[in-house]
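Q: return a 3D structure for these sequence lines:
(2 chains)
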Amino acid sequence: QLQLQESGPGLVKPSETLSLTCTVSGGSISSSSYYWGWIRQPPGKGLEWIGSIYYSGTTYYNPSLKSRVTISVDTSKKQLSLRLSSVTAADTAVYYCARRLGTVTHFDYWGQGTLVTVSS
Amino acid sequence: QSVLTQPPSVSAAPGQKVTISCSGSSSNIGNNYVSWYQQLPGTAPKLLIYENDKRPSGIPDRFSGSKSGTSATLGITGLQTGDEADYYCGTWDSSLSVHAVFGGGTQLTVL
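A: Just a heads-up that it's a prediction; the model follows:
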């Protein structure tokens, strides 16, 4: 059974960079069939797509966040990473990693999510 | 402000049927597949419906999806208390170049 597990600091200071890792187990991160994405959910609010990546390293970002986001993949470690720079309180959210079958398809597997709070 | 519009809440009694609507435009729902996700309290979203009306393995046939024009609908029959959750529709938007857009979510209460 495929499992995704997010990890990283739960508290980040304003203006600093948020860094998270998603570890994939029970399946291949290098399969040509899948893309991997990051989605976030502010407390009490809805879902926002941050970006997606293919195992080759091709990335797709939400235009509203593109200037601050970097997503990368390390196939040897079966991990994908998220970096979000110049964070503010508005970036406080639960961050999920998820798998999708194509660049614009549904997300079929999700990690449990990790809460990141931006505060001094 | 979400790209896709859902009612904030719906409610129904156990055993009854409920529908949740999701409204969009020609640049998103009108020309793309719709998916639906269930988010139980304190948990991650779970895929319920994909490609408008398909159910992943393990999802009971009490859950159904449909699409017409620029709107989509999630139907749930034989409501159970365990169905109380937030439900989100999703697709992608070609005009915004956003590879995934979601509705604001609908909270289902089983009275």
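Q: and chain B, which of its residues are near chain A?
A: Residues of chain B lying close to chain A by CB under 8 Å from any CB of the partner chain are B:2, B:32-33, B:35, B:37, B:43-47, B:50-51, B:56, B:88, B:90, B:92, B:96-105. Where C-beta positions appear, they are placed from N, C-alpha and C, glycine not excepted.
Q: how much space between the closest residue to B:Asn31 other than its chain neighbours and A:Ser25?
A: Nearest residue to B:Asn31 in three dimensions, chain neighbours excluded: B:Ser94, at 6.9 Å (CB to CB, 6 or more residues apart in numbering or on different chains). B:Ser94 sits at a distance of 34 Å from A:Ser25 (criterion: CB to CB, to the nearest Å).
Q: and the two? which has more neighbours close in?
A: Remark: of B:Ser94 and A:Ser25, B:Ser94 carries more neighbours, 15 against 11, as counted by other CB atoms under 10 Å in any protein chain shown.
Q: check A:Ser28 and give its pLDDT.
A: We have a pLDDT of 88 for A:Ser28.
Q: quick one: classify it as helix, strand or coil.
A: Of the three states, A:Ser28 takes coil under DSSP: H, G, I helix; E, B strand; the rest coil.
Q: give me the phi and psi for it.
A: phi -100, psi 130 (degrees, to the nearest 10).
Q: give the helix, strand or coil label for the residue minimising distance to the centre of chain A.
A: With distances taken as CA atoms, centre = their mean, A:Trp38 lies nearest the centre of chain A, 2.8 Å away. Assigned by three-state DSSP, the conformation of A:Trp38 is strand.
Q: tell me what it is bridged to.
A: A:Gly51, A:Cys97 (DSSP bridges).
Q: residue contacts, it?
A: A:20, A:22, A:49-52, A:71, A:80, A:82, A:95-98 (CB atoms under 8 Å, 6 or more residues apart in numbering or on different chains).
Q: of those residues, closest to chain B?
A: A:Trp49 (3.6 Å; CB to the nearest CB).
Q: against which helices or strands is whichever strand or helix holds that closest one packed?
A: In this assignment (DSSP states H and E), A:Trp49 forms part of strand A:48-54. Using 3 or more CB pairs under 8 Å, 6 or more residues apart in numbering or on different chains; DSSP states H and E, the elements in contact with strand A:48-54 are strand A:35-41, strand A:59-61, strand A:69-74, strand A:79-84, strand A:93-100, strand B:98-102.
Q: so B:Gly90 sits against B:Val34, correct?
A: Yes. Here B:Gly90 reaches B:Val34: they are 7.1 Å apart, a contact under CB atoms under 8 Å.
Q: tell me which of these two has more neighbours.
A: Ranked by neighbour count (other CB under 10 Å), B:Gly90 and B:Val34 place B:Gly90 first, with 30 against 27.
Q: the strand holding A:Trp49 to strand A:93-100, inter-axis angle?
A: 40 degrees (axes from the mean of the first three to the mean of the last three CA atoms, to 10 degrees).
Q: what's the weakest-modelled helix or strand in chain B?
A: strand B:98-102 (a mean of 89; mean pLDDT, DSSP states H and E).
Q: just checking: what are the partner strands of whichever helix or strand comes after it?
A: Using DSSP H and E, the next helix or strand after strand B:98-102 towards the C-terminus is strand B:106-110. Here strand B:106-110 is paired, per DSSP bridges, with strand B:9-12 (parallel), strand B:85-93 (antiparallel).
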